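Below: sequence and its predicted model.
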Amino acid sequence: MRRMLRLHRIFVAQYMKNLMEYKVDFLTGAISFLLGQVIQIAFLGIIFSGIPNLVGWEFNEILFIYGFSLIPKGLDHLLFDNLWSVGYFIVRKGDFDKYLTRPINSLFYVICEKFCVDAFGELLIGLILMVYSMIQLKLTITWYMIPLFIVAVVFATLIYTAIKIATSAISFWTKASGHITHMFYMTNDFSKYPTTIYNKFVRTFITYIVPFAFTAFYPASYFLTGENPLFCIGGTVIASVVLFMISVFIWNKGIKAYESAGS
Amino acid sequence: MRFKKFIRTYRPFTRAGMLESVAYRANFFCFLIGEIMSCFIMFFVWKAVFQSSNSETFMGFTMEDMVVYLFITFLTGYLTYSDGTYAIATEIRDGSIAMRMIKPCSFDMCFLFQELGNKIINVLFIFAPLVVGVEAYRWYITGACQFDITHFLLYVVSLVLAYLISFYFNVSYGFMAFYLKNLWGADILKECIINFLSGATIPLAFMPEALAKVLNFLPFSSLSYTPVMIYMGMYSGQEIALKILMQVFWLSVMVVLSKVVWNHAVKRLCSQGG
């Protein structure tokens, strides 16, 4: 474990050097991302200027759910972004051999090769939104909510990562699967709004099949209402552990089936 | 005669573009499903908004209008999307742009015709299903066929103009890579600004009046808002004529701009590697 942490630090440092090569470009990207989020929130504001509440949820509660959804998404983006490249081009170009011939776990190596600093934008906006809406709603925080929050965020992040691991592992058979990852990943946007606005099919899908609802709405609703802790937090833990185990299983199967694309 | 030669020169590019997009069909469909998902999310959000609101309309839009707006905006955005910025930036970065410059054909025309091939495939697979779907929905909700052939044809004209504006805008923007060398961040900025200013994220009608007026005049509304509003029949005949003229105006501005930038940029071309 210590060795892994040390390696992770070295990889991050290397990646930062790479990034600093194009500083202006990086800053522009980060600022644009913030701008995009601000526009999204302005849109929510416009919607709420015409209605008192959205199926029983008021503006600040929706902001809280929205902010919460950005935290696990941002953490996954920060730490595990390189999985995208596996599905998009690492396997297709035959570059995956590199990961198999080094004396560390291939999944770990892929994951820690990149450290996406631009994710701090997501995390920052998420935190601001949550704090702002909590003040507006005058939410009372009890001591046990803090460890529960950390548990919810960690396991919610794992849901994102597990979905990316499983879908990018498909590329070991098909050579490229970035678009499959994209398709599943986009489902996460469903979790930014209360599940009660969707029809039964969508609700079942995002709760039990691709459990993105557990990355935002369910845990956030517990912190807002204090109801159903077993389902909202427990469900997040169970969904994420099950999904993660499945995805590691698929990854390991995939590694065995992998044949270099050679060029 | 010259026209014939023109077609003969650029037809292979269109063919290549078509083959390219057919080659990765599975990817194409997965990507499409992922993108269209966000339309459905907004569909449910709007349904909840209309449920929670006491009136039938929201800032002048009915639920049915909103659905048409969502899906036709998606379609318009998809069809007018141009990859020019990214393609040019990549070629500048790896140096292959030098190969294009020594060929006896015009730089922007190569790109245009290649992308055209791609668009033909897109039109075949997305255009018809989406339009039929939207019209079927409208029929089902209102109990009568709402399809208007004149508005549809004018929409197509406006759509083609919008695509050309988008193409030349992207080409001009891509040439910025001559100065910046890497366009990752600038590309995100572009997407974000266009989505906002063109009314694709928030309909211009929902914005404060003064802001909407300014945005209506800028070239960005020509990219998405104008064709969509024409499709929905929100404009009168006179307004349509005015809006299309404005599109033509912005198209010529973009064409001239791309030529100026190209002439200036090519003098300081310094390709990295390749």
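All right, it came through fine.

Going by C-alpha atoms from here, please, whenever you check contacts or count neighbours.
Will do.

What segments of the stretch 151-274 of chain B are helices?
Per DSSP state H, counting those that start in this stretch, the stretch 151-274 of chain B carries helices over the ranges B:177-180, B:184-197, B:209-217, B:225-232, B:237-265.

what's the most buried one of the ones you listed?
helix B:225-232 (a mean of 24; mean count of other C-alpha atoms under 10 Å in any protein chain shown).

Give me the contact list for that helix.
B:65, B:68-69, B:72-73, B:76, B:151-152, B:154-156, B:158-159, B:162, B:198-200, B:203-204, B:235, B:240, B:243 (C-alpha atoms under 8 Å, 6 or more residues apart in numbering or on different chains).

Same check on stretch B:74-82?
The contact list for stretch B:74-82, computed with C-alpha under 8 Å, 6+ apart, reads B:36, B:39, B:115, B:119, B:122-123, B:126-127, B:130, B:159-160, B:162-164, B:166-167, B:170, B:200, B:223-224, B:227-228.

which residue packs closest to residue 97, ignoring adjacent ones?
Using chain A here. A:Ser260 (6.7 Å; C-alpha to C-alpha, 6 or more residues apart in numbering or on different chains).

that's the other chain; I wanted chain B
That would be B:Glu91: by C-alpha to C-alpha, 6+ apart, it lies 5.0 Å from B:Ile97.

Can you tell me the SS state at that neighbour?
helix (DSSP: H, G, I helix; E, B strand; the rest coil).

can I assume it is in contact with B:Met101?
No - in this structure, B:Glu91 is not within contact of B:Met101 by C-alpha atoms under 8 Å, at 11.2 Å.

Now do the strands in chain B.
Per DSSP state E, chain B carries strands over the ranges B:57-58, B:61-62.

Could you dump those into a markdown table with mean neighbour count and mean pLDDT added?
Shown next, in a markdown table, are those (neighbours: other C-alpha atoms under 10 Å in any protein chain shown; pLDDT from 0 to 100):
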| stretch | mean neighbour count | mean pLDDT |
| --- | --- | --- |
| strand B:57-58 | 16 | 82 |
| strand B:61-62 | 14 | 86 |
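
excluding its backbone neighbours, what's nearest the closest residue to chain B within chain A?
Ranked by C-alpha to the nearest C-alpha, the top residue of chain A for proximity to chain B is A:Gly29, at 3.6 Å. Leaving aside its sequence neighbours, A:Gly29 sits nearest to B:Gly185 (C-alpha to C-alpha, 6+ apart; 3.6 Å).

so the one you found touches A:Asp25, yeah?
Yes - between B:Gly185 and A:Asp25 there is a contact under C-alpha under 8 Å: 4.8 Å.

Pull the contacting residues for residue 156.
I went with chain A, as the question did not name one. A:72, A:214-216, A:236-237, A:240.

um, chain B though
B:Pro227.

Give me the pLDDT for it.
At B:Val156, the model reports a pLDDT of 93.

What of the one 10 residues further on?
At B:Ser166, the pLDDT value in this model is 92.

wouldn't it be in contact with B:Ser224 here?
No - using C-alpha under 8 Å, B:Ser166 is not in contact with B:Ser224, being 9.8 Å away.

For the residue of the stretch 51-200 of chain B found nearest chain A, which residues are in contact?
Proximity of the stretch 51-200 of chain B to chain A (C-alpha to the nearest C-alpha) peaks at B:Gly185, 3.6 Å away. Residues in contact with B:Gly185, defined by C-alpha under 8 Å, 6+ apart, are A:25-30, A:32.

For ChimeraX, what selects the buried ones among these?
Buried residues within those, by 16 or more other C-alpha atoms under 10 Å in any protein chain shown, are selected in ChimeraX with:
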select /A:25,26,28,29,30,32
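
Redo the contacts of B:Gly185 as a markdown table? Include distance to A:Ile39 and secondary structure.
Output for the contacts of B:Gly185, formatted as a markdown table (distance: C-alpha to C-alpha, whole Å; DSSP: H, G, I helix; E, B strand; the rest coil):
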| residue | distance to A:Ile39 | secondary structure |
| --- | --- | --- |
| A:Asp25 | 21 | helix |
| A:Phe26 | 20 | helix |
| A:Leu27 | 19 | helix |
| A:Thr28 | 16 | helix |
| A:Gly29 | 15 | helix |
| A:Ala30 | 15 | helix |
| A:Ser32 | 11 | helix |
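
Make CSV out of the contacts of B:Gly185 and add distance to A:Glu113.
Formatted as CSV, the contacts of B:Gly185 follow (distance: C-alpha to C-alpha, whole Å):
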residue, distance to A:Glu113
A:Asp25, 21
A:Phe26, 18
A:Leu27, 21
A:Thr28, 23
A:Gly29, 20
A:Ala30, 20
A:Ser32, 25
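
so which one among the contacts of B:Gly185 has the lowest pLDDT?
Looking at pLDDT alone, the contacts of B:Gly185 dip lowest at A:Asp25, where the score is 72.

wait, it sits on B:Leu189?
No - counting by C-alpha under 8 Å, A:Asp25 does not reach B:Leu189; the two are 10.1 Å apart.

sorry, back to before: burial count for the residue nearest to B:Ile97?
Neighbour count of B:Glu91, defined by other C-alpha atoms under 10 Å in any protein chain shown: 19.

Tell me which residue is most central in the chain.
Using chain A here. A:Lys73 (2.9 Å; C-alpha atoms, centre = their mean).

right idea, wrong chain: chain B
B:Thr80 (2.0 Å).

Enumerate the residues of the stretch 101-250 of chain A near chain B.
Residues of the stretch 101-250 of chain A lying close to chain B by C-alpha under 8 Å from any C-alpha of the partner chain are A:177-180, A:182-187, A:189-190, A:193, A:197-198.

How about A:Gly67: what's its closest non-neighbour residue?
The shortest distance from A:Gly67 to any residue other than its chain neighbours is 4.0 Å, reached at A:Gly126 (C-alpha to C-alpha, 6+ apart).

Which of the helices or strands spans that neighbour?
Following DSSP states H and E, one finds A:Gly126 within helix A:119-137.

Pull out the buried positions in that helix.
A:119-127, A:129-134.

And stretch B:137-147, by the same measure?
B:137-138, B:147.

Give me the contact list for that stretch.
Around stretch B:137-147, the neighbours that count as contacts under C-alpha under 8 Å, 6+ apart are B:64, B:135.

and A:Ile209, how many neighbours?
12.

How about B:Phe3?
8.

circling back: after the helix holding A:Gly126 comes which helix or strand?
helix A:145-169.

Would you state the helices of the stretch 1-150 of chain B in chain order?
Under DSSP H, counting those that start in this stretch, the stretch 1-150 of chain B gives helices at B:2-23, B:25-52, B:63-80, B:84-94, B:97-101, B:107-122, B:128-142, B:149-174.

mean confidence for the shortest one?
Helix B:97-101 shows a mean pLDDT of 76.
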